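Okay, structure incoming, though there's no sequence with it:
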């Protein structure tokens, strides 16, 4: 065990990051070989994912508040959720195609290379065009930060980047765990999408518009609430959903760390099962 | 064996196969894909690994490369346990899967090589030297900028072989390296492998359905069936094990009744002045030829080697016969 947590653990992470950088770099270079096409696809991605926000704008053309939240406040939720999700999707979105690689047998070719498999799967077909979603989310977030009526404190300001990183880790964990599930059920990509894409859409609306049970599930079972609902409530001076304790907003990194660790465990279990059954 | 490079000691692999038998019903069945398999391969050997579909060939290769974890037994390659130290072993081995590529499908061939250069941490000078040599030997010069998906099967296979050798592996595993290739490509791949083994001393283990691969490349052959080793030895010995026969084709000056050859030789076919005589592959043809030449008007003759495929088929049949009395 000392070997795992001592010298080998960090070196494996470093190896993984290195392999990720090499593979993603190759795909980026290949994408940038066709600059015009790249710019167009990024713009397309930006506009397409931006339609979600257009839907919110349309709603606010009819109402002044959604579940008691104003447009800048909902935009704040939206920005946090979409930016975090966009980052996670950019980094780990390719894991969703794992089932296909297991099915056609090409997954085996990853196992004969001297690099951690997760890094190879995640960096495979690294799609820089996914940048569009994150950029669009960040733009909405930027506007929201200016538009919301908040007495800024150091804690509140610091919470924004911390929340973004934590949110990206939480969504990234979902991508990895969902991918690992595909070792067992190779057609499970759709189930995974329900949690990842479904999750980010859910979080674009205030918790007050949803039923209590759903909020409870999204807080305690699949802790997506820490991507934006809980930290945003703190920043905006609103009551926490479910009456969580005062420090809840600052628990986001902790929640993210637990999610990451769990996803790592699930991934290793999935890989172990693959290597013992071969399918 | 002092310099055993690959060592298997009672290695086994058991799969739980689940089969859908009804809408929700599933049947579980244990399949022993590899059963108490033991063998060693010395450094620099070139070994053919053959057997029918589902015999356990690919499962063995997958265990040797660290893809699959054995269910039991001891397995070492270059002193490394493949399933525990997969990435460390990866630096010492090259793998070519005939049916799928290890290259990046949508990118030009050279991109895959550049990535391998960095991923395997191949020193720059050695990478350049190896790449130049492999490109020349495998005739890849015109293909480097072509996306892998646009390559023909033979081109892709050569590209894959080069990729597997850029980092100077000590052992090369080839799973059906000539499957689907045309005759020219096959010849080229075989010649390359022979030279690689002779000049670099690379240990080669190849599975194949094409027995010419074995005949032209391997001094040693292992036959596996139902996860067990049925034969391990020189190719020539396989004939004896399978009790195979060679054929002496005799052209006489005119039509003649069947030659009354001394046992165990016997005439198996007569067609005009030409007669076919079968005799055990383990015996020399010379005494039989001399015997015929003394008594019959001999015009011409030739000796045909047995078809290994038939030999192996007979081996299986014999074994099956023994198993079911």
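Nice, I can see it. Nothing here was measured: the structure is a model prediction, and the numbers come from that model.

got the residues of chain B near chain A?
When proximity is defined as Cβ under 8 Å from any Cβ of the partner chain, chain B approaches chain A at B:15-16, B:59, B:62, B:65-69, B:71, B:83, B:86-88, B:90-91, B:93, B:95, B:97, B:99-102, B:104, B:106-107, B:111, B:114-115, B:118-120. From N, CA and C alone the C-beta is placed, and that goes for glycine too.

In ChimeraX, select just the buried ones from those.
To isolate the buried members of the residues of chain B next to chain A in ChimeraX, using 16 or more other Cβ atoms under 10 Å in any protein chain shown:
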select /B:15,59,62,65,66,67,68,69,83,86,87,90,91,93,95,97,100,101,102,104,107,111,114,115,118,119,120
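
Mind checking which of the residues of chain B next to chain A are in strands?
Among those, the ones falling in strands (DSSP state E) are B:15-16, B:93, B:95, B:97.

in the residues you listed, which two residues are the furthest apart from each other?
Within these, B:16 and B:93 form the most distant pair, 28.1 Å apart (Cβ to Cβ).

ok, which stretches of the stretch 151-300 of chain B are helices?
Under the criterion DSSP state H, counting those that start in this stretch, the stretch 151-300 of chain B contains helices at B:153-165, B:183-200, B:211-217, B:235-241, B:286-295.

Around chain B, pick out the residues from the stretch 1-150 of chain A.
Contact residues, the stretch 1-150 of chain A versus chain B (Cβ under 8 Å from any Cβ): A:15, A:19, A:22-23, A:26-27, A:29-30, A:104-106, A:108-109, A:111-116, A:125.

can we see that at 10 Å?
By Cβ under 10 Å from any Cβ of the partner chain, the residues of the stretch 1-150 of chain A that approach chain B are A:12, A:15, A:18-19, A:21-23, A:25-27, A:29-30, A:33, A:104-117, A:120, A:124-125.

ok so, going back, please identify the most buried of the helices of the stretch 151-300 of chain B.
Comparing the helices of the stretch 151-300 of chain B by mean neighbour count (mean count of other Cβ atoms under 10 Å in any protein chain shown), helix B:153-165 comes out on top with a mean of 22.

separation between the closest residue to chain B within the stretch 101-250 of chain A and residue A:149?
Residue nearest to chain B within the stretch 101-250 of chain A (Cβ to the nearest Cβ): residue A:114, separated by 3.7 Å. Residue A:114 sits at a distance of 55 Å from residue A:149 (criterion: Cβ to Cβ, to the nearest Å).

More neighbours: which of those two?
Using other Cβ atoms under 10 Å in any protein chain shown as the criterion, residue A:114 and residue A:149 rank with residue A:114 on top: 19 against 9.

I'd assumed the more buried one was in a helix, is it?
No - according to DSSP: H, G, I helix; E, B strand; the rest coil, residue A:114 belongs to no helix; its state is coil.

looking at it, it is touching residue B:90, isn't it?
Yes - with contact defined as Cβ atoms under 10 Å, residue A:114 reaches residue B:90; the gap is 3.7 Å.

what touches both of those two?
Residues touching both residue A:114 and residue B:90 by Cβ atoms under 10 Å, 6 or more residues apart in numbering or on different chains: B:119-120, B:167.

any chance of those residues in CSV, plus pLDDT?
Below are the shared contacts of residue A:114 and residue B:90 laid out as CSV (pLDDT from 0 to 100):
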residue, pLDDT
B:119, 95
B:120, 96
B:167, 95
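
Residue A:85: which of those is nearest?
Relative to residue A:85, the closest of the shared contacts of residue A:114 and residue B:90 is residue B:119; by Cβ to Cβ it sits at 29.6 Å.

Return the residues in contact with the closest one.
Residue B:119 touches A:18-19, A:22-23, A:26, A:113-115, A:120, B:90-91, B:166-167, counting by Cβ under 10 Å, 6+ apart.

List only those of the residues you listed flagged as buried.
A:18-19, A:22-23, A:26, A:113-115, A:120, B:90-91, B:166-167.

Pick out the most distant pair among these.
A:26 and B:91 (19.8 Å).

Quick check: mean pLDDT of the helix ranked longest in chain A?
Taking DSSP state H as the criterion, chain A has its longest helix at helix A:154-181. For helix A:154-181, the mean pLDDT works out to 96.

ok, and does it reach over to chain B?
No - using Cβ under 10 Å from any Cβ, helix A:154-181 stays clear of chain B, with a minimum separation of 16.9 Å.

Show me what that helix is packed up against.
helix A:71-92, helix A:98-104, helix A:117-123, helix A:131-147, helix A:189-202, helix A:229-236, helix A:252-277 (3 or more Cβ pairs under 10 Å, 6 or more residues apart in numbering or on different chains; DSSP states H and E).

Columns mean pLDDT on top of the ones you listed, output as JSON lines?
As requested, those are exported to JSON lines (pLDDT from 0 to 100):
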{"stretch": "helix A:71-92", "mean pLDDT": "96"}
{"stretch": "helix A:98-104", "mean pLDDT": "89"}
{"stretch": "helix A:117-123", "mean pLDDT": "96"}
{"stretch": "helix A:131-147", "mean pLDDT": "94"}
{"stretch": "helix A:189-202", "mean pLDDT": "88"}
{"stretch": "helix A:229-236", "mean pLDDT": "95"}
{"stretch": "helix A:252-277", "mean pLDDT": "94"}
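
Can you say which of these is nearest to residue B:196?
Residue B:196 lies closest to helix A:117-123 among the helices and strands packed on helix A:154-181, at 26.9 Å (Cβ to Cβ).

How far away from the center of its chain is the closest one?
Relative to the chain's own centre, helix A:117-123 is displaced by 16 Å; criterion: Cα atoms, centre = their mean, to the nearest Å.

Sweet, I'm off.
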